[in-house]
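Peer 1: Sequence unavailable; structure follows:
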């Protein structure tokens, strides 16, 4: 008998019919002899409805009050799912983040879990009751309601699996696993059966929106296997787990892309120590995440510095840089917002040589110019012109034979 | 400087615009130099929406889960109202029933408040913050969420006023006070400026749905003045307070009616001790409230017993009685569901004689037959044929000169 945490996202519990469907799935697991703890998100659309209400009463809603407001979404779902299970003859009981003892810091709207006591969940399990837990929320030391940020229910599920020493944490969503790339772009994209935490982290942070990054980090740290499955079919899904020997046999596991990128170039920067620190320190202070940085080797004591930021932060970043250029003696700023990041990911890169060369060769063959490159042990990313994104993804997916 | 608890019901906070309107009203009180604590209900329609969701996943939703579900309604309102006040530049903070320390028994969906600590509310007040409290909800000793039943926000407001030793508890609703009778039936009905708790209790329980009975009982017990006012205009409203000398000068303060009544008659009941107890004990055990009872003086050892129950409980009551008549040796059951209760209320009855005679005379003059009568110190109720309800109310209102 295993203990399994099952998490269902907003689309999986989007209406009463779907909630009953989730109840049937939970019941099947219970019938199979395993213990289940369920974590659910707000019903699809509910969070946006609440955000819209807030926008109608305040131009800049207080974050503590936002958490009070948004945390109601999951409470509705847990109550309804518990009712649906009871209606089918199962013992079930709903628990809020507080009732489960999910204690977070006080960073409202983006709180971090500090500890989970889970007493009432354990108590329920010993009584044969299926505990239904509200994802996304906790309370801080003052006993105020906090939320973990968008996608935070994944983190709740994994953290609860850790606290309960569960055998598996299954994340049910609207896709049936992690694919070698976006199937909308490459129809031959294949579902990955098993992927390492490290690869999943790169996938998640690079734009494959299946699992929240923080949840994967948590799972990796505590070594909890995480399944990614669809709540709409019975397919087997993807297992995210510790790196295993056979994983290294493939050099590349997936291709990802992110169209939400902008490149900012500062022209004619005096090539002096401390300048880069000044530029990037100032931008980072505004909470803008700088991704790649390239500094050209300069001529005549001047150099060009390019860096990428999320497209949504572009205007803010450009404004900061423009205010700064006179002070550092630079000549001007150039912005290109139509750029994408295309990446290949795989733990096998560590043991396979020539992966980078193959990537650059593939893009060159398609006539795609690489503007910037960044690499880590298990991934290579290239910044390219946005209009070639799909072409690049398809070519790389083919070239590394991911569709086979 | 006074401390005022202001409670706003569902229609008063029905949409974001109305919530902003409530915020302005609260702000004016604060600007006037008084301290305010606000209690709010769920946005109009929200509770019904949630009940409908429950009905779609379960044929008989568990009461603990209903409380988990329904308690979200008030949480949405408190967050939105706090945001609206903050947007206007006021310090405000929302508190759930739990955060205010509203401890109830565990009778889910109809819990009773056992105590209120109100620590965080007091703390907020000393910091100049306007506390916005969720009505209708609390937690029990197990830390499970409970609700006080429909209209429970009135009780929250009054109980909080008691706990905080507030000077006044103003209940804002969609009518601007308590009237001498229903203005829809009698256009000359007058707003009552001041009414005693006792009269208000009779009004409330007899069908004037302005204030929840339990809230009035609570206010009376602890002697907190309660204002009934409209949130849509600036009219002065009705003050519910301890009985005062001048109140006795009027013999009758109001006329009420209740069309939701049914009369059940058991025919040919053996006139033996213990029979009435058997009948009414059995009916009461099913949680049906019996209002009036009449037992005719019998002939030949047999008697007829009539009693009234709320119309909604009629079918259930008739079923119970039918199962019982063979056992007690009665001959049959007669049901009349088209009956109404018309009542006159006034603390002045204690010192004025002839009030009952005047009531009976008025009805007789209109040709209305009185089927049953019940009286208390401060009210007289008559059961009449439903179709004469409006006629009776108008005639009594005229006859006791309530429109002047």
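Peer 2: That came through fine. From a predicted model like this one, the values you see are computed outputs, not experimental measurements.
Peer 1: Point out where the stretch 101-250 of chain A drops to low pLDDT.
Peer 2: Applying pLDDT under 70 to the stretch 101-250 of chain A flags the ranges A:207-208.
Peer 1: Give me the nearest residue to residue A:242, chain neighbours excluded.
Peer 2: Spatially, and ignoring its direct neighbours in sequence, residue A:242 is nearest to residue A:223 (5.9 Å; Cβ to Cβ, 6 or more residues apart in numbering or on different chains). Glycine gets a C-beta too; all of them are placed from N, C-alpha and C.
Peer 1: and that neighbour, how far is that from residue A:162?
Peer 2: 9 Å (Cβ to Cβ, to the nearest Å).
Peer 1: Equivalent analysis for residue A:181, please.
Peer 2: Applying Cβ to Cβ to residue A:181 and residue A:162 gives a distance of 30 Å.
Peer 1: Neighbour count: the two, which is higher?
Peer 2: Between residue A:181 and residue A:162, counting by other Cβ atoms under 10 Å in any protein chain shown, residue A:181 is the more crowded of the two (25 against 20).
Peer 1: Pretty sure the more buried one sits in a strand.
Peer 2: No - using DSSP: H, G, I helix; E, B strand; the rest coil, the assignment for residue A:181 is coil, not a strand.
Peer 1: That one and residue A:255 touch, don't they?
Peer 2: Yes - with contacts counted by Cβ atoms under 8 Å, residue A:181 reaches residue A:255, the gap being 4.2 Å.
Peer 1: next structured bit after the lengthiest helix in chain A?
Peer 2: Criterion DSSP state H: the longest helix present in chain A is helix A:63-87. Counting by DSSP states H and E, the next helix or strand C-terminal to helix A:63-87 is strand A:92-95.
Peer 1: Residue A:32: neighbour count?
Peer 2: Neighbour tally, residue A:32, other Cβ under 10 Å: 11.
Peer 1: Phi first, then psi, for the residue nearest the centre of chain A.
Peer 2: Centroid check for chain A by Cα atoms, centre = their mean gives residue A:212 as the closest residue, at 3.0 Å. With angles defined as degrees, to the nearest 10, residue A:212 sits at phi -70, psi 130.
Peer 1: So it versus residue A:227, what's the distance?
Peer 2: In terms of Cβ to Cβ, residue A:212 sits 15 Å off from residue A:227.
Peer 1: How about residue A:220?
Peer 2: For residue A:220, the distance to residue A:227 - Cβ to Cβ - is 15 Å.
Peer 1: ok, how many other residues are close to the residue nearest to residue A:242?
Peer 2: For residue A:223, the count of nearby residues is 10 (other Cβ under 10 Å).
Peer 1: Could you do residue A:280 as well?
Peer 2: 15.
Peer 1: Pretty sure it sits against residue A:289.
Peer 2: No - between residue A:280 and residue A:289 there is no contact, the gap being 10.9 Å when judged by Cβ under 8 Å.
Peer 1: Does the residue nearest to the centre of chain A touch residue A:157 like I think?
Peer 2: No - if you go by Cβ under 8 Å, residue A:212 and residue A:157 don't touch, sitting 9.7 Å apart.
Peer 1: How many residues are close by the residue of the stretch 151-300 of chain A found nearest chain B?
Peer 2: Residue nearest to chain B within the stretch 151-300 of chain A: residue A:231 (15.8 Å; Cβ to the nearest Cβ). By other Cβ under 10 Å, the residues close to residue A:231 number 21.
Peer 1: what's it sitting at in phi/psi?
Peer 2: phi -90, psi 0.
Peer 1: Not counting sequence-adjacent ones, nearest residue to residue A:336?
Peer 2: Per Cβ to Cβ, 6+ apart, closest to residue A:336 is residue A:263, 4.6 Å.
Peer 1: Just the element for the one you found, please.
Peer 2: Applying DSSP H and E, one finds residue A:263 within strand A:254-270.
Peer 1: on contacts alone, who are the packing partners of that strand?
Peer 2: helix A:197-205, helix A:275-285, strand A:302-310, helix A:314-328, strand A:332-345, helix A:389-399 (3 or more Cβ pairs under 8 Å, 6 or more residues apart in numbering or on different chains; DSSP states H and E).
Peer 1: how long is stretch A:184-191 end to end?
Peer 2: 13 Å (Cα to Cα, to the nearest Å).
Peer 1: So what's the gap between that stretch and the chain middle?
Peer 2: 20 Å (Cα atoms, centre = their mean, to the nearest Å).
Peer 1: Kindly report the same for stretch A:267-277.
Peer 2: Distance, centroid of stretch A:267-277 to centroid of chain: 34 Å (Cα atoms, centre = their mean).
Peer 1: Repeat that for stretch A:24-32.
Peer 2: 28 Å.
Peer 1: For the stretch 101-250 of chain A, which segments are assigned as helices?
Peer 2: In the stretch 101-250 of chain A, the helices defined using DSSP state H, counting those that start in this stretch lie at A:119-126, A:152-163, A:197-205, A:213-222.
Peer 1: Show me which of those helices has the highest average neighbour count.
Peer 2: helix A:152-163 (a mean of 28; mean count of other Cβ atoms under 10 Å in any protein chain shown).
Peer 1: Counting by contacts, list what it packs against.
Peer 2: By 3+ Cβ pairs under 8 Å, 6+ apart, helix A:152-163 packs against strand A:3-8, strand A:35-40, strand A:102-104, strand A:113-116, strand A:130-134, strand A:168-173, helix A:213-222.
Peer 1: Could you dump the ones you listed into CSV with distance to chain B added?
Peer 2: Rendered in CSV, the data for the helices and strands packed on helix A:152-163 read as follows (distance: least, Cβ to the nearest Cβ, whole Å):
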stretch, distance to chain B
strand A:3-8, 14
strand A:35-40, 13
strand A:102-104, 14
strand A:113-116, 16
strand A:130-134, 9
strand A:168-173, 18
helix A:213-222, 25
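Peer 1: Which among these is found nearest to residue A:205?
Peer 2: Nearest of those to residue A:205, taken as Cβ to Cβ: helix A:213-222 at 5.2 Å.
Peer 1: Give me the contact list for the closest one.
Peer 2: For helix A:213-222, the external contacting residues (Cβ atoms under 8 Å, 6 or more residues apart in numbering or on different chains) are A:148, A:151-152, A:154-155, A:157-159, A:161-162, A:169, A:171, A:197-198, A:200-201, A:204-205, A:224-226, A:240, A:242.
Peer 1: same check, this time on stretch A:186-196
Peer 2: A:176-183, A:203, A:235-244, A:247, A:253-255, A:347, A:393-394, A:397, A:402-404.
Peer 1: Now which of the residues you listed would you call buried?
Peer 2: Using 16 or more other Cβ atoms under 10 Å in any protein chain shown as the burial test, the contacts of stretch A:186-196 include A:176-182, A:203, A:237-241, A:243, A:247, A:253-255, A:347, A:393-394, A:397, A:402 as buried.
Peer 1: OK, contacts around the closest residue to residue A:42 other than its chain neighbours?
Peer 2: Counting by Cβ to Cβ, 6+ apart, residue A:42 lies nearest to residue A:73, which is 2.7 Å off, once chain neighbours are set aside. Residue A:73 sits next to A:41-43, A:46-47, A:50, A:136 when contact means Cβ under 8 Å, 6+ apart.
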